[in-house]
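J.: Kindly generate the corresponding structure for this input.
(chains A and B)
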2 protein chains.
Amino acid sequence: MTADPMSPQDLSCPVPVSETEQVLLGHGAGGRLSAELLDGLVLPALGTPPGVLEDAAVLPGLPELVVSTDGFVVSPLFFPGGDIGSLAVHGTVNDLAMRGAVPVALSVALVIEEGLPMNELRAVVDSLGKAAREADVPVITGDTKVVGRGAADKVFITTTGIGRRIPGLAPSAARARPGDAVLLSGPIGLHGTAVLSTREGLGFEADIASDTGPLHRLVRGLAGLGTDLHVLRDPTRGGLAASLNEIARDSAVQVEIDETTVPVPAPVASACDLLGLDPLHVANEGCLVAFVTPDAADAALDAMRGLSEGAHAVRIGEVVAGQAGRVVMRTLVGARRVVDLPVGEQLPRIC
Amino acid sequence: MTADPMSPQDLSCPVPVSETEQVLLGHGAGGRLSAELLDGLVLPALGTPPGVLEDAAVLPGLPELVVSTDGFVVSPLFFPGGDIGSLAVHGTVNDLAMRGAVPVALSVALVIEEGLPMNELRAVVDSLGKAAREADVPVITGDTKVVGRGAADKVFITTTGIGRRIPGLAPSAARARPGDAVLLSGPIGLHGTAVLSTREGLGFEADIASDTGPLHRLVRGLAGLGTDLHVLRDPTRGGLAASLNEIARDSAVQVEIDETTVPVPAPVASACDLLGLDPLHVANEGCLVAFVTPDAADAALDAMRGLSEGAHAVRIGEVVAGQAGRVVMRTLVGARRVVDLPVGEQLPRIC
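T.: The predicted structure follows:
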């Protein structure tokens, strides 16, 4: 008495897909699914037109101030090179920095799982406070909520930053122009592989430490470029591939990079091989990409290399007219491949 | 071969208590345990001196702007009178309002549990967008994270608001003075009992709806009082009792209220009887207490009653010199009892 597979019900209108769908891990991964969730659900509900999404938003009526917010759910809480506390400071400070701003103040909201050992909480909050002092930004307000066992995983932290834009700088993901040099401030893949290696006990922990760190000093170092600095972006979730794709899309240009010039530390390459990951898709928390006019490229590299966080800055490619929204990599063997946005979740809870 | 119970080890310094403790639900309840967590762990780590804690902080170097952040973890997501989306807007708008500010912009950070039905997420975000439009505040930036099943409970929302202070107003929890009239903008206990009744299926849902709503128009209506408006506070977690105790402590005064004048709706009183709760400890999300000079009390009540959200504003007591930090209630039978801060958690995940 099972239903006929071609019964009339099967020919009726299906329930709209979105009403029957569930949220997937990939919706939070910074890739294509994230973009669909934002453009298809969140932004329309908030009345925000889909379009250029910057790391931080200008405050209405106060164009010198920018605001950014980020939730941190990294697992485990502690990993080589950092922890959720320092990450929550760096992530938000860096989103402000990518709009050419230095941080003025932070707010911190904690959601804590009942039963979290007090000494773990203390270590996280101590680290957060230390990172804020090192970045020279005061934590001016906060909130603490506790939920029952099993209703959260240890602790989640949301930080919001208010930053003041450095006069004369107006970087935007929509300002890349053909001819621009594409610069990278340091090696990629360290954060994501450090967290994943710790979580999964892969044994790379001794060789890899997260690059988590504040980038606003690097941006201040680039201030002399003025309007020759077109784009700044920190390649976090979705990695360098996602950042370059977003810039190519928002600026309607093609971006070309050289595989030989992209710095991937050997332990990162090994970990990625083992995990089946593309280092271009792995999250970073302490490096940035800068798009600058070709004439300003050398000065920008010099400025970055003068700071420890930019000591290994390199030029990795350039902007061409080509096809709007496309990112192409010239590979080690001389071929050319399209660098795509990661579709969904490769590395859940990486930040 | 068990150790002698009085062996020398037992006489050595014990591990400090805080190192062996765990976070309890009560640490997030807005009562005494919350205050201990803040003063003993969070604020020292962040380098913030323990002291007067306001609902929103002034932005360094920009005294006309205030910032507030709040995490929302209410369970269930939907309850009579509102849902986590509208609550996340009202809660933060109201924290700004309690500093005499109107909202300029909001940021929203979502932490979503994998598997949340897309239509529930849509309903929450739609409601959030609607509440923001009704409060006339744009959502300018946001963040979305997804964690695995069981790593969060459906969805948590952190909103951060930036507000602009209404010129001439400078309310502070530290500005209550002997002689001040204590005013309340509406009935108490609705939010907490509505949420708890829904969660526990107590059957009060038909009679009680949360009072969740924005309070900045009420504050704007009080702007004419200028410096005669000493204190504003919205009695959320910990209820009216917590707010009055914080004000009494921060202003070093005694607060006296009359039980006959405190408006407790009959269904709230019934629900509290059943649950063994004191209505003074139950969270509200759409009323405020205002401390004003005695001469300004009538004008303040008139101003509040002219708006729907303040239609039932009443005077509930006054400030006396008495004992600093004490709150006393004259009861229905003419006795006097101390109104204490709730110790820990009565109503977990109420906001």
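
J.: Can you report how many residues neighbour the closest residue to chain B within the stretch 251-351 of chain A?
T.: Relative to chain B, the nearest point of the stretch 251-351 of chain A is A:Arg349 (5.9 Å; C-beta to the nearest C-beta). (Each C-beta comes from the backbone N, C-alpha and C, glycine too.) For A:Arg349, the neighbour count with other C-beta atoms under 10 Å in any protein chain shown is 23.

J.: what's near enough to touch the closest residue to it other than its chain neighbours?
T.: Excluding the flanking residues, the one nearest A:Arg349 by C-beta to C-beta, 6 or more residues apart in numbering or on different chains is A:Ser75, at 4.4 Å. By C-beta atoms under 8 Å, 6 or more residues apart in numbering or on different chains, A:Ser75 lies in contact with A:153-154, A:195, A:199, A:349, B:151.

J.: And these, which of them are buried?
T.: A:153-154, A:195, A:199, A:349, B:151 (16 or more other C-beta atoms under 10 Å in any protein chain shown).

J.: For the stretch 51-200 of chain A, which segments count as helices?
T.: All helices of the stretch 51-200 of chain A, identified by DSSP state H, counting those that start in this stretch, fall at A:84-97, A:118-134, A:190-200.

J.: The second one vs helix A:84-97, what angle?
T.: Think helix A:118-134. Helix A:118-134 runs at 30 degrees relative to helix A:84-97, counting by axes from the mean of the first three to the mean of the last three C-alpha atoms, to 10 degrees.

J.: Show me what counts as buried in helix A:118-134.
T.: Using 16+ other C-beta under 10 Å as the test for burial, helix A:118-134 gives A:118, A:120-132.

J.: any chance of those residues in a markdown table, with distance to A:Pro167 too?
T.: Listed next are the buried residues of helix A:118-134 as a markdown table, based on distance: C-beta to C-beta, whole Å:
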| residue | distance to A:Pro167 |
| --- | --- |
| A:Met118 | 45 |
| A:Glu120 | 42 |
| A:Leu121 | 40 |
| A:Arg122 | 40 |
| A:Ala123 | 39 |
| A:Val124 | 36 |
| A:Val125 | 34 |
| A:Asp126 | 35 |
| A:Ser127 | 33 |
| A:Leu128 | 30 |
| A:Gly129 | 30 |
| A:Lys130 | 30 |
| A:Ala131 | 26 |
| A:Ala132 | 24 |
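
J.: of those, list those near chain B.
T.: Of the residues in the buried residues of helix A:118-134, proximity to chain B by C-beta under 8 Å from any C-beta of the partner chain holds for A:118, A:121-122, A:125-126, A:128-129, A:132.

J.: Would you convert the residues you listed into a markdown table that also reports pLDDT and distance to B:Arg175?
T.: Below are these laid out as a markdown table (pLDDT from 0 to 100; distance: C-beta to C-beta, whole Å):
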| residue | pLDDT | distance to B:Arg175 |
| --- | --- | --- |
| A:Met118 | 95 | 34 |
| A:Leu121 | 96 | 33 |
| A:Arg122 | 96 | 33 |
| A:Val125 | 97 | 30 |
| A:Asp126 | 97 | 33 |
| A:Leu128 | 98 | 31 |
| A:Gly129 | 96 | 29 |
| A:Ala132 | 97 | 29 |
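
J.: Now for those: which two are most distant?
T.: Spanning the widest gap among these are A:Met118 and A:Ala132, at 20.8 Å by C-beta to C-beta.

J.: taking the mean pLDDT, what do you get for stretch A:155-172?
T.: If you average the pLDDT over stretch A:155-172, you get 96.

J.: for stretch A:74-88, same thing?
T.: pLDDT averaged over stretch A:74-88 gives 97.

J.: Kindly export it (C-alpha atoms) in PDB.
T.: The C-alpha coordinates for stretch A:74-88 follow below in PDB (Å, rounded to 0.1, in the frame of the first residue of the first chain):
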ATOM      1  CA  VAL A  74      36.500  28.900  17.500                       C
ATOM      2  CA  SER A  75      37.000  25.300  18.800                       C
ATOM      3  CA  PRO A  76      39.200  24.500  20.700                       C
ATOM      4  CA  LEU A  77      39.300  27.700  22.800                       C
ATOM      5  CA  PHE A  78      43.100  27.500  23.000                       C
ATOM      6  CA  PHE A  79      45.400  26.800  20.000                       C
ATOM      7  CA  PRO A  80      49.000  27.400  19.100                       C
ATOM      8  CA  GLY A  81      49.600  31.100  18.700                       C
ATOM      9  CA  GLY A  82      46.400  32.300  20.400                       C
ATOM     10  CA  ASP A  83      42.900  31.600  21.800                       C
ATOM     11  CA  ILE A  84      39.400  32.800  21.400                       C
ATOM     12  CA  GLY A  85      40.100  35.800  23.600                       C
ATOM     13  CA  SER A  86      42.900  37.300  21.600                       C
ATOM     14  CA  LEU A  87      41.200  36.200  18.300                       C
ATOM     15  CA  ALA A  88      38.100  38.100  19.300                       C
END
